[in-house]
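[1] Predicted coordinates and the sequence they were generated for:
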Amino acid sequence: MTDRGDPVLEMHDDQAFRNSAMVGRYLSAFFERLNENKIRYCVLHSYEDLPAYAPSDVDMAVASADLQKAETVLFEVSDSLGFKVIQKLYYDIPRCYYYVVFFRDDVGTPGFVQLDLLNDDRGLGRYFMKTETLLEGRRQYNGFYVPSVPVEACYLLIKKIIKGRSSPEHEARLKALLEEDCESVTGMITRYFGKESGSDVQKLIKGAGPSDLTAIAKRLRKALTLRQEMLKPHLRVLSILWFARRTLERLLCPTGLVTVFISPDGGGKSTVADLVLHRLRYGFRYVKKMHWRPYLLPPPRKLFSPTTWKEPEAPNYDPHGLPSKGKAGSVARFLYYFCDYALGYAPKALWPKIRTHLVVFERYYYDFLIDTRRFRLAIPFWLPRAFLPFVPKGDIIFVLSGPAEVFYERKQEIRLEEIRRQLDAIDRFSAGMRHVCRVRVDQPIADEVCRIEDAIVEALEKRLRKRVNRRRHG
């Protein structure tokens with residue numbers, strides 16, 4: 001990044017956007033609209049600094065009759081403030097959705113508001129508490145609703161037991177709630193853990209020794225599971241059916257994105273990809289960068305000479321410096337690489353896409369249409385084109401273009417005339433392709449990165465709105 005540095009694009013604090021005034025502005029408007037529409041909801045925990053500051057995602061329980069209304073309000077508030085809803089992740093059964101809302105702050109840095117809307121009328125989810133129980137006795141706090149003291153305490157305790165860990169803030173809050181209304185909190189917890197677990201619950205909340213903590217947590221988890229699952233087998237069956245539905249929906253409607261970057265050497269693919277992945281990481285579960293191919297299949301030399309093969313220690317700074325291999329060997333190696341794309345895309349790219357990854361290929365199969373010399377392949381020009389229809393496509397193809405002199409100034413690994421030829425080849429083969437986004441490299445890197453981010457955000461928003469509208473009217 002040294003040659004294209006920009007203070008706006010430094011690897012900023014991962015969660016600096018949470019301090020943005022725009023988060024408070026959005027949440028204030030969201031809560032206000034929920035109240036105006038008489039939607040029954042409550043923010044389950046970590047609400048002390050809301051709406052001005054959200055330390056993490058905002059977990060909310062929403063009544064069944066109001067779940068669709070709450071989603072409508074979320075989209076309407078986003079539209080009115082210029083925010084974009086880019087994700088709706090079906091993360092738990094029966095109806096638990098995680099929304100990601102995108103915005104840019106005053107200096108153009110991406111930010112995210114993350115809202116977790118939970119609805120579980122039967123107690124099928126991982127925390128077993130029914131939505132109506134969570135809303136029972138809700139109270140107003142700072143312009144929005146929060147759970148009653150016993151409900152909040154019970155929810156935090158169950159969450160601690162199920163996850164096997166708890167933040168210091170949640171630990172302190174749990175103790176404070178117990179002190180505030182010990183009788184009501186104890187009564188609520190007994191409903192889920194049983195009277196026989198009362199002493200363990202008290203020890204866990206008030207603080208047990210490290211040696212006892214694991215054993216206590218294990219006993220409480222066993223008691224909770226027994227009372228909520230084993231003694232209610234019909235709920236277990238419903239849980240399995242809901243989980244099957246959720247799995248099918250996740251498979252049919254992936255929430256990740258696969259992108260491909262194409263350019264000659266000097267286009268800044270690695271620099272731009274790293275920045276985009278870092279700045280958009282909170283719009284996805286994970287981010288993943290790949291180079292050229294899926295690598296389900298190992299390098300050919302490693303396959304045939306595993307004992308002598310070594311990973312290259314440095315990049316190839318002279319991609320055209322070595323002669324091409326023989327024709328027969330070149331064709332065989334090309335077909336091997338093609339098989340890697342055909343077989344490797346599903347486990348290496350599609351599966352991460354299903355799991356809400358942002359996947360970036362710095363190069364891709366299209367390089368065979370541009371520069372076979374880089375791979376030392378003596379193959380006819382028509383061969384890569386003949387196999388192109390059978391190669392899985394990315395969701396967005398970013399073509400980094402501009403004057404050949406700009407590319408050459410950054411890297412002199414190949415001749416200026418060759419860069420011009422490659423740029424012309426890229427223009428020709430990408431002219432008829434779908435989902436191509438052209439980005440100029442002869443502009444400030446801040447503008448280049450923002451252009452790519454905007455294209456990704458636009459694709460996510462368009463896809464989500466299409467799916468939401470299909471469900472509403474289907």
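    Done, it's in.
[2] so what's the residue of the chain positioned farthest from its centre closest to, chain neighbours aside?
    Here the chain reaches farthest from its C-alpha mean at G326, the gap being 44.1 Å by CA atoms, centre = their mean. Among residues not flanking G326 along the chain, A378 sits closest, at 6.7 Å (CB to CB, 6 or more residues apart in numbering). No exception for glycine: its C-beta is placed from N, CA and C like everyone else's.
[3] pretty sure that neighbour is touching A328, no?
    No - counting by CB atoms under 8 Å, A328 is not a contact partner of A378; they are 9.3 Å apart.
[4] show me what contacts P51?
    Each residue near P51 by CB atoms under 8 Å, 6 or more residues apart in numbering is listed here: G24, L27, S28, F30, F31, N142, G143, F144.
[5] one more time with 7 Å
    If a contact means CB atoms under 7 Å, 6 or more residues apart in numbering, then P51 has G24, L27, S28, F31, G143, F144 as its contacts.
[6] Mind checking which of these are buried?
    Buried members of those, scored by 16 or more other CB atoms under 10 Å, are G24, L27, S28, F31, F144.
[7] Three-state assignment for the second one, please.
    Three-state call for L27 (DSSP: H, G, I helix; E, B strand; the rest coil): helix.
[8] hang on, isn't it packed against A52?
    No - in this structure, L27 is not within contact of A52 by CB atoms under 7 Å, at 8.1 Å.
[9] Show me what counts as buried in stretch 153-167.
    Neighbour-count burial for stretch 153-167 flags A153, C154, Y155, L156, L157, I158, K159, K160, I161, I162, S166 (criterion: 16+ other CB under 10 Å).
[10] what residues does that stretch touch?
    Under the contact criterion CB under 7 Å, 6+ apart, stretch 153-167 has outside partners 44-45, 126-129, 134, 147, 170, 173-174, 177-178, 185, 188-189, 192, 217, 220-221, 224.
[11] any idea of the mean pLDDT for that stretch?
    Across stretch 153-167, pLDDT averages out at 85.
[12] quick one: contacts for A425?
    So A425 contacts L369, I370 (CB under 7 Å, 6+ apart).
[13] Just give me how far the strand or helix carrying it sits from the chain centre.
    Assigned by DSSP states H and E, A425 belongs to helix 416-430. Here helix 416-430 is found 34 Å from its chain centre; the criterion is CA atoms, centre = their mean, to the nearest Å.
[14] Following element in sequence after it, please.
    strand 436-440.
[15] so where do the strands sit in the stretch 251-400 of the chain?
    Assigned strands in the stretch 251-400 of the chain, in chain order: 257-262, 286-290, 357-361, 396-401 (criterion: DSSP state E, counting those that start in this stretch).
[16] could these go into JSON lines alongside mean neighbour count, distance to R385 and mean pLDDT?
    Formatted as JSON lines, the strands of the stretch 251-400 of the chain follow (neighbours: other CB atoms under 10 Å; distance: least, CB to CB, whole Å; pLDDT from 0 to 100):
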{"stretch": "strand 257-262", "mean neighbour count": "24", "distance to R385": "15", "mean pLDDT": "97"}
{"stretch": "strand 286-290", "mean neighbour count": "17", "distance to R385": "23", "mean pLDDT": "95"}
{"stretch": "strand 357-361", "mean neighbour count": "24", "distance to R385": "19", "mean pLDDT": "97"}
{"stretch": "strand 396-401", "mean neighbour count": "22", "distance to R385": "16", "mean pLDDT": "96"}
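[17] which one of these lies closest to S199?
    When those are ranked by distance to S199, counting by CB to CB, first place goes to strand 286-290 at 41.1 Å.
[18] strand partners of that closest one, parallel vs antiparallel please.
    strand 357-361 (parallel) (DSSP bridges).
[19] which other residues reach the partner strand?
    256-261, 273, 277, 280, 284-290, 349, 352-353, 394.
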